[in-house]
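>>> pasting a predicted model and its sequence here:
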Amino acid sequence: MNSKNIAFGVITNYVNSLSPYLEFIKNANKYGHKISTFIISYSHNYNKKIVNKLSKHVNIQLIKMNNDPEFKERLNQVGLGKKSIKILTESKTFSNYNMIPYGKRRNNILVNALLLKPRIDYLISVDTDVKPYLLINKKGDFQEIDFIKRHLDHLKNPEVVITTSDYSGYYIIPSMKYKGLRQFLIGMEKEDVYPILANDKTLVTASPSDHNIKKTDKILGGNHAIKLDAFDHLPPYFSVTYMYKGKLVLGRGEDTLMGMEIPQRKMKILDIDTKIFHNTFSNFPVKPSIHNPEVQTRFYIACLGWLGRNSFLNWYLQQTGKINYQEFKARKEKQKENLTIGSIKLASFLDNRRFAHLPLALDAAYIQLEGMIEEYRKINYAWKELKEKVTERRFKDESSTG
């Protein structure tokens, strides 16, 4: 497997720290894996000294989201049309709100990996707040693992397109228990996590011997690897945006549809049970408190993002025949009814009135659903053309070397 070309990909606003890039580079070197390229797709700025230090260890490719002429030119050389290039590389939300949807960010990485020469075989995506080791106990002890091997061992399976796993560390929603929590979570379509929150089980640990490998339709953005030879089976990443109280909201779950569509195409996504550490609140081992104002803000922003994702997802399920129109309406009503009850009680529990208004955000997301659908159709138009052009180029490359 070490003879294969491996690329890492990270999305970020700023490149101003050696972490976590250097940890993953050193982890790969320690276990004998050669990284061909480390692709960093950034939106705002980068520190030249940091990039130069990283470049001493591995080839670094910086991609400036929304404004990278070289990226556009490479797409032009592949033969992609101007309309598709614009859809893939530009975002009005950045010029207007200084924000870029998560789906468009991850597509920057994936598209660049597909265009690199020599050809990249495996793209491993991580986030800036994860590390290549496991949190092995509640005392805060860690153990390093052969992170790349964990993914590549399972990608050898011809039917496996993506490998992924959850995280160790604190869950994104802190522990809490109040009358109305269950209704709130139903309204957020996260009722499965009720026992985790209510029973204070939000700290996840892992063991190097964990080996519960299973099929899944859930991809974790900061811990997944893609076999690029199977790119023809890959849909694009996609996440929504919507306006609420005059501000842009970035929808979460940019890999949700990818997780659903790959199994539909008779290919597999595997959960490889490798829960790398996620420093969720940036101050581990401090236990997050839902009464901490900063934690509340992060939770609130996440809730807005989930509401945007859920409204589009319910439309998608109805559009693809997973549910009928009556069920689509019923889901929407169930969400609204439970969220109205649960959010008011949550606002009282936290003494934070903005949580009481989340049903209005849900309404806003559904009102703007048509705009989300339009963006989804645009990205699929561009993605279809991209795959055609990449296939043509690969065929020519193979013919010329054959």
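Looks like it arrived, so ask away.
>>> alpha carbons only for contacts and neighbour counts from here, please
OK.
>>> residue ranges of the strands in the stretch 101-250 of the chain, please?
Assigned strands in the stretch 101-250 of the chain, in chain order: 122-126, 130-135, 142-144, 160-164, 167-170, 203-204, 214-215, 223-227, 241-244, 247-250 (criterion: DSSP state E, counting those that start in this stretch).
>>> between the ones you listed, which one is nearest to Phe284?
Minimum separation from Phe284 across the strands of the stretch 101-250 of the chain (CA to CA) falls at strand 167-170, 8.1 Å.
>>> show the average pLDDT along that closest one.
The average pLDDT within strand 167-170 is 98.
>>> what pairs with it, parallel or antiparallel?
Looking at strand 167-170 with DSSP bridges, its partner strands are strand 203-204 (antiparallel), strand 276-278 (parallel).
>>> which of these sits closest to Pro263?
strand 276-278 (24.3 Å).
>>> distance to Met372 and mean neighbour count for the strands of the stretch 101-250 of the chain - can I get that in TSV?
Shown next, in TSV, are the strands of the stretch 101-250 of the chain (distance: least, CA to CA, whole Å; neighbours: other CA atoms under 10 Å):
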stretch	distance to Met372	mean neighbour count
strand 122-126	25	24
strand 130-135	30	25
strand 142-144	41	16
strand 160-164	26	26
strand 167-170	29	25
strand 203-204	34	19
strand 214-215	29	12
strand 223-227	26	24
strand 241-244	7	20
strand 247-250	11	18
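>>> can you redo those strands as a markdown table with distance to Ile341?
A markdown table is the format used below for the strands of the stretch 101-250 of the chain (distance: least, CA to CA, whole Å):
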| stretch | distance to Ile341 |
| --- | --- |
| strand 122-126 | 37 |
| strand 130-135 | 35 |
| strand 142-144 | 41 |
| strand 160-164 | 35 |
| strand 167-170 | 27 |
| strand 203-204 | 28 |
| strand 214-215 | 35 |
| strand 223-227 | 35 |
| strand 241-244 | 20 |
| strand 247-250 | 23 |
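>>> minimum distance to Ile269: which of these has it?
strand 160-164 (4.8 Å).
>>> now tell me what touches the closest one from outside.
151, 154-155, 219-220, 223-228, 230, 233, 262, 267-274 (CA atoms under 8 Å, 6 or more residues apart in numbering).
>>> swap the cut-off to 6 Å and go again
151, 219, 223-227, 268-271 (CA atoms under 6 Å, 6 or more residues apart in numbering).
>>> kindly report the same for stretch 49-61.
37-39.
>>> can you pick the most crowded of the residues you listed?
Phe38 (27 neighbours; other CA atoms under 10 Å).
>>> elements contacting the helix or strand hosting that residue?
Assigning secondary structure by DSSP states H and E places Phe38 in strand 35-46. Counting contacts by 3 or more CA pairs under 6 Å, 6 or more residues apart in numbering; DSSP states H and E, strand 35-46 packs against strand 6-15, strand 60-64.
>>> how many residues are close by the nearest residue to Met372 once chain neighbours are set aside?
Leaving aside its chain neighbours, Met372 sits nearest to Val240 (5.8 Å; criterion: CA to CA, 6 or more residues apart in numbering). Per other CA under 10 Å, the neighbour tally for Val240 reads 29.
>>> any idea how far Val240 lies from Met99?
Per CA to CA, to the nearest Å, Val240 is found 12 Å from Met99.
>>> same check on Asp255?
In terms of CA to CA, Asp255 sits 18 Å off from Met99.
>>> how about Ala365, what does it touch?
Gly308.
>>> isn't the residue nearest to Met372 up against Val249?
No. The pair Val240 / Val249 is not scored as a contact, 8.5 Å apart, by CA atoms under 6 Å.
>>> what's the average pLDDT for the helix or strand following the strand holding Phe38?
Next helix or strand after strand 35-46 toward the C-terminus (DSSP H and E): helix 48-55. For helix 48-55, the mean per-residue pLDDT is 98.
>>> buried stuff in helix 48-55?
Within helix 48-55, the residues that count as buried by 16 or more other CA atoms under 10 Å are 51, 54.
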